[in-house]
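Enquirer: Show me the folded form of this:
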Amino acid sequence: MKALVSALGNEIQSLFPEDSAFVADDLYTRRVYSKDLMPRVHLEAREGDLQEPSIDAVVWPADSEKLAKFVRAANEKGWELYPYGAGSGVCGGATPGRDQERHRPRISVDLKRLDKIELLDEKSQIAKVQGGIIGQVLEEDLNQRGFTLGHFPSSIYCSSFGGYLATRAAGQLSTYYGKIEDMVLAVEGVLPTGEFFTTPVAPRLAVGPDWNHLFLGSEGSLAFLTSAWVKVHKLAENRRFLSFVVSSTEKALEGVRQWMQEGLRPAVTRIYDEDESRMLMGIKDGVKLVCIIEGEQTLTDFTALRINQLTMKWPDWKDTGEEPAQHWWAHRYDISYNQQLILSHRRMILDTFEVSTSWAGLPSLHKHVKLATEAVAKRFPGKGEMLLVIAHFSHFYHCGGNIYFTLCGRSPEDTPTPEFYDGVWDELLKACEAQGAAISHHHGIGRLKALAYRRQRGVLHDVLKSFKHELDPKNILNPGNLGL
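Expert: The predicted structure follows:
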């Protein structure tokens, strides 16, 4: 444990003299906790714009009782608290904003010591899980007991269960297992005043508004979510792999719509648009689709049979066997480790954004976001510059789906890269809003999309702000996040 260097650090430690691992305030630790994985922060650092740490100290509560004690003290003293899971968020939701007024101490509260499965009810298939556990550790612990949560985000090795709750996260197999909000039965946490709360643990209830959904997706602005009761499943008995090349994105979407509305639920369905199919898979004509079905043997066999029966009738679909889907499965987490290869190059930008809309709206949304990139190019003219957006569709529902866009470009020589990055985001978010799409499907809002969030929510954003004030009258908990 490094020696404490500030009056704040020593004051915090004095609250917990028995726990020498409770607080740190050295420069290195403060720098680490002053950012998440939002690309803009890393662009600034690459361009030489190194800011002073925005965090003054970091604490690691060992249990929920110590967390509550610390929150009560912070509320009394007016310290700002920033809940921190694993720092894998890409929207700036876990750290203070760069332009945020600084007039109170800022403390990052890392929950990774709350890392246990507290309960596994095998008969009911319910687990109570603490918020600080890393996703892959949770999954491996459940697997050893014959179960799975079914939540597999691409960040699973470097993200926390509490982060999933805070951002309403989605995993790669969500079309079968559901998103995190579909898995949660109840949540437990600590309010900004230091009070404990627990929502009722039941498969369903009708006792007024659903408190779970008030806290899920609140991104550390309303409470610390210390644990949750979630549905778990027996490990899959069987897995089937299918893949196709389809003549166009629109034809692929129409086929998936038909099987979703027929009640078929593959765990994975991914459609890569023409640009992504060509650039990443070398497909010159058409789009790639991979499909993975898992679960009980009879169910998976029937789902695969029915999908094959449907696609055999569709002349625009060509069966390409198991191998492409098996390859995707074997490399499904690779993308999370490739970003820095591009961002290490001067003037390059790389980011992703994920939006959702109805089946009727998906083709138009896809088209207009692509057109928006042309508008950006006109705003920032430059010879030899490059800006492109590719997309895939990876989460589907009875009524619609999401689009996951990847943005890659190089800023003009006469435009600072962060300014170019902001201009790109502004155009693309406005294009999504104009199409009536949700501006985030599973990454969340943070500070990156806060302005667009306020525009979309209107008076409801004011209602949320009033609700936060009731819970957090001193505004100590993640102030500024979600535009609050």
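Enquirer: Now do the contacts for D56.
Expert: S6, L8, D25, R30, P105, R106, I107 (C-beta atoms under 8 Å, 6 or more residues apart in numbering). The C-beta positions use only the backbone N, C-alpha and C, and glycine is treated the same way.
Enquirer: nearest to I342, of those residues?
Expert: Relative to I342, the closest of the contacts of D56 is R30; by C-beta to C-beta it sits at 27.8 Å.
Enquirer: tell me which element the closest one falls in.
Expert: helix 27-32 (DSSP states H and E).
Enquirer: Buried residues in that helix, which are they?
Expert: For helix 27-32, burial by neighbour count (16 or more other C-beta atoms under 10 Å) applies to T29, R30, R31.
Enquirer: What of stretch 241-260?
Expert: Neighbour-count burial for stretch 241-260 [16+ other C-beta under 10 Å]: 241-246, 249-257, 259-260.
Enquirer: what's the worst-scoring helix or strand of the chain on mean pLDDT packed up against?
Expert: Counting by mean pLDDT, DSSP states H and E, the chain has its least confident helix or strand at helix 339-343, which shows a mean of 77. Applying 3 or more C-beta pairs under 8 Å, 6 or more residues apart in numbering; DSSP states H and E, we find helix 339-343 packed against helix 39-46, strand 348-358.
Enquirer: To I156, which of the ones you listed lies closest?
Expert: Nearest of the helices and strands packed on helix 339-343 (C-beta to C-beta): strand 348-358, 16.2 Å.
Enquirer: Let me know the angle separating the closest one from helix 39-46.
Expert: On the basis of axes from the mean of the first three to the mean of the last three C-alpha atoms, to 10 degrees, strand 348-358 is oriented at 170 degrees to helix 39-46.
Enquirer: list the buried ones in the one helix or strand A431 maps to?
Expert: Using DSSP H and E, A431 falls within helix 417-434. Residues of helix 417-434 classed as buried by neighbour count (16+ other C-beta under 10 Å): 417-418, 420-421, 423-432.
Enquirer: got JSON lines for the residues you listed, with pLDDT and distance to W60 too?
Expert: Output for the buried residues of helix 417-434, formatted as JSON lines (pLDDT from 0 to 100; distance: C-beta to C-beta, whole Å):
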{"residue": "T417", "pLDDT": "90", "distance to W60": "34"}
{"residue": "P418", "pLDDT": "90", "distance to W60": "32"}
{"residue": "F420", "pLDDT": "89", "distance to W60": "38"}
{"residue": "Y421", "pLDDT": "91", "distance to W60": "33"}
{"residue": "G423", "pLDDT": "88", "distance to W60": "39"}
{"residue": "V424", "pLDDT": "91", "distance to W60": "37"}
{"residue": "W425", "pLDDT": "92", "distance to W60": "33"}
{"residue": "D426", "pLDDT": "91", "distance to W60": "37"}
{"residue": "E427", "pLDDT": "90", "distance to W60": "41"}
{"residue": "L428", "pLDDT": "92", "distance to W60": "37"}
{"residue": "L429", "pLDDT": "94", "distance to W60": "35"}
{"residue": "K430", "pLDDT": "94", "distance to W60": "40"}
{"residue": "A431", "pLDDT": "95", "distance to W60": "42"}
{"residue": "C432", "pLDDT": "95", "distance to W60": "38"}
